[in-house]
Structure formats: structure tokens, C-alpha cells
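Asks: need a 3D model of the following:
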Amino acid sequence: MSIIKVENKYGQRLNCIEDDEITLSIQKKGAHDVRTLDFVLDVLANIDCPVVLDIGANIGNHTLAFSIGAEKVYAFEAAPSIYKLLEKNVADNGMTNVFISNVALSDSAREAKIFVQMDGNLGGSRLCKEESNNYAEERTFLVRGDDFVHTHGIENIDLMKIDVEGHEKQVLEGLKESIEANRPIIIMEYLNPQDDLLDGLKLERYKLFAILDNYEKSKWKGVIGRVKRWRYKNEHERRLELFPFNALTAARADDVLLVPEEKLNVIPAKYFTPHHAIR
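Replies: Now for the predicted structure:
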């Protein structure tokens, strides 16, 4: 794998794998998952001294961006080979508010295999192997999330980003006490609407949103709607938008947002669909 230096839209330089999906996205758009990054930075701007957990940090695309708006970022990357790039990216950019760990957060502590995807998408690395893909096997350690929080004296958690390729349920279970105590905003990958991940969550007084974008076609009905959408696209910059979570939006969304009711006010109104905007 060839390593190249790429500068993101925030002026940070990352060591990346040449031709990897994340690298190509940074080169084309200024950052990978750029609309989510801009959204999170807008949210963090409304929180005093925010603390973020980046669970599934990969090479640090999200970690470095979060460090701009957070007082502290705790980043977790399970694969040793990817962690080395994360470590170098944090060091090269002088991120003194970022604390990185070469472990996977889970619901129990144990040693495990992790399968690093080798076909152009390091972000697809996972603890469960998919036989149809090209993976390199590595060894890693799983740590119960609440144990890590207690051991490292993390007293406050404002936001969690979880991107762990199918290990989300175990991460949430392992952080149950921390979530109940801190009531963080949670942004999480949600690739399989058929699983029971969200049904199994018992989060009191949380609002659930599907993360789409403001050009989402389902907002615009019929011929007139298509015309209005065309005009809207010419007049408005594309950005992330939050839709009420239901069967329709779940099928379209790759990510979901969970927000405690008492913290809805930190989400800028521009990100809600008009009939759900907070005024």
C-alpha cells in the first residue's frame, strides 16, 4: 500500500492510502463524509468544552475534524495497521487534545481477530469477516466501553460517533452506563434496517432521526415537486438534513442520529426538515 499526503478542507494534512475510498473522497470533496463533519462541528460550537468519542476512527478523517471544535477527542481504532496511520496523523498535526487507543470498544474484554479490507476501502474493516471480500487478518483487543471510561477518568461525554461495521450493538451495550450518566448525542452508522439494533435500545427521552440530505427526493412529490427540487438545488448548498425516523427514511439512510430531548436545542435549526425545525 502506497502512502500519500493529502490536505483536507480544514488545513490538516493526512497520511492516506493511495486510491483508497477515504483518500479519494478527501481529494475530491475536501474531507470524507464532509457534510457529517460540518454538522458535528456546528453542533459542538453550541456545547461548552465538548468531549467526543470517535469509535471506529480509521486513519483519523473524523478525529482530526472533531478536534477543531472539541476540547477533547478520544479516538479508538482496532486494527494495528490502520492505527499506525491514525497515530501519525494525530502527531503530524499536533493534535494535543486527541487521545488515541488501539482497541475496539465492545461489551466485554477479550482478544479478537479483525479483518482489514484490502480492496480500496479501509473503512470496511470489521471484526466479522465477509467471505466475499479481500481481507487481511490482524489481532486486536476488545475492551468494555464503560471500563475504559472509568479507567481513564472520562467524566463527561457530549457526543459519540460510532462506525464499527456491524459491531454497533456490542459498543452500545458496553457503554450503557456511560450513556445513561452522560446522555450524549450519538451519531451512528445504520446500514441494515432489518436488524434489531434500534429496537433493542432502551434510551429514555431520546429523539431518533434518519440522516439524509436536503436534496432528498422523498421530500418532493409529483411533477411540481420535482420542479421545486430543481429550483431548490440551484439556490441552496447541499447539506446534511435530519428526517423523522420511520420505515421509509430508515431504508434510505446510512446513518442515524440520537439526541436527548433536553439537548435538541444544540442542533442548529437549519438541519431539521422544515416541519420539524426548532424555532
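
Asks: do you know how far Glu235 is from Arg13?
Replies: According to CB to CB, to the nearest Å, Glu235 and Arg13 sit 34 Å apart. Where you see a C-beta, it was placed from the backbone N, CA and C, and this is true even at glycine.

Asks: so between those two, which is more surrounded?
Replies: The neighbour count for Glu235 versus Arg13, taken as other CB atoms under 10 Å, is higher for Arg13 (13 against 7).

Asks: for Val6, see how far away that one is.
Replies: Arg13 sits at a distance of 7 Å from Val6 (criterion: CB to CB).

Asks: same check on Val266?
Replies: Applying CB to CB, the value for Val266 to Val6 is 31 Å.

Asks: cool, Ala45 as well?
Replies: As judged by CB to CB, Ala45 and Val6 stand 26 Å apart.

Asks: same question, Ala104
Replies: Using CB to CB, Ala104 is found at 26 Å from Val6.

Asks: so which residues of the stretch 1-150 of the chain form strands?
Replies: Assignment of strands within the stretch 1-150 of the chain using DSSP state E, counting those that start in this stretch yields the ranges 3-7, 13-17, 51-55, 72-76, 98-101, 104-106, 110-117, 135-144.

Asks: mind saving the C-alpha coords of the one helix or strand in the chain whose mean pLDDT sits lowest as PDB?
Replies: Across the helices and strands of the chain, mean pLDDT, DSSP states H and E gives its lowest value to helix 222-235, namely a mean of 77. Taking C-alpha atoms only, helix 222-235 is exported to PDB below (Å, rounded to 0.1, in the frame of the first residue of the first chain):
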ATOM      1  CA  GLY A 222     -45.000  14.700  -8.100                       C
ATOM      2  CA  VAL A 223     -44.100  16.800 -11.200                       C
ATOM      3  CA  ILE A 224     -44.400  20.100  -9.300                       C
ATOM      4  CA  GLY A 225     -42.300  18.700  -6.500                       C
ATOM      5  CA  ARG A 226     -39.500  17.800  -9.000                       C
ATOM      6  CA  VAL A 227     -39.600  21.300 -10.400                       C
ATOM      7  CA  LYS A 228     -39.400  22.800  -6.900                       C
ATOM      8  CA  ARG A 229     -36.500  20.400  -6.100                       C
ATOM      9  CA  TRP A 230     -34.600  21.600  -9.200                       C
ATOM     10  CA  ARG A 231     -35.000  25.200  -8.100                       C
ATOM     11  CA  TYR A 232     -34.100  24.400  -4.500                       C
ATOM     12  CA  LYS A 233     -30.800  22.700  -5.700                       C
ATOM     13  CA  ASN A 234     -29.900  25.900  -7.700                       C
ATOM     14  CA  GLU A 235     -30.500  28.100  -4.700                       C
END
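
Asks: for it, which positions count as buried?
Replies: For helix 222-235, the neighbour count (16 or more other CB atoms under 10 Å) marks Arg229 as buried.

Asks: buried set for the next helix or strand after it?
Replies: Next in sequence after helix 222-235, counting helices and strands by DSSP states H and E, comes strand 240-244. Buried positions in strand 240-244, judged by neighbour count with 16+ other CB under 10 Å: Leu240, Glu241, Leu242, Phe243.

Asks: I'd say the first one and Asp33 touch.
Replies: No. In this structure, Leu240 sits apart from Asp33 without contact. The criterion is CB atoms under 8 Å, and the distance is 9.5 Å.

Asks: tell me which of Ala45 and Val6 has more neighbours.
Replies: Between Ala45 and Val6, counted using other CB under 10 Å, Val6 has the larger neighbour count: 19 against 12.

Asks: is the more buried one in a bridge, and if so with what?
Replies: Beta-bridge partners for Val6, by DSSP bridges, are Leu14.

Asks: contacting residues for it?
Replies: Contacts for Val6 (CB atoms under 8 Å, 6 or more residues apart in numbering) come out as Arg13, Leu14, Cys16, Thr23, Ile26, Gln27.

Asks: can you read off the pLDDT for it?
Replies: As predicted, Val6 sits at a pLDDT of 98.

Asks: what does Pro274 give?
Replies: pLDDT, Pro274: 66.

Asks: and Glu241, by the same measure?
Replies: Glu241 is assigned a predicted lDDT (pLDDT) of 90.

Asks: these two touch, right, it and Pro268?
Replies: No. With contact defined as CB under 8 Å, Glu241 does not count as touching Pro268 (11.3 Å).
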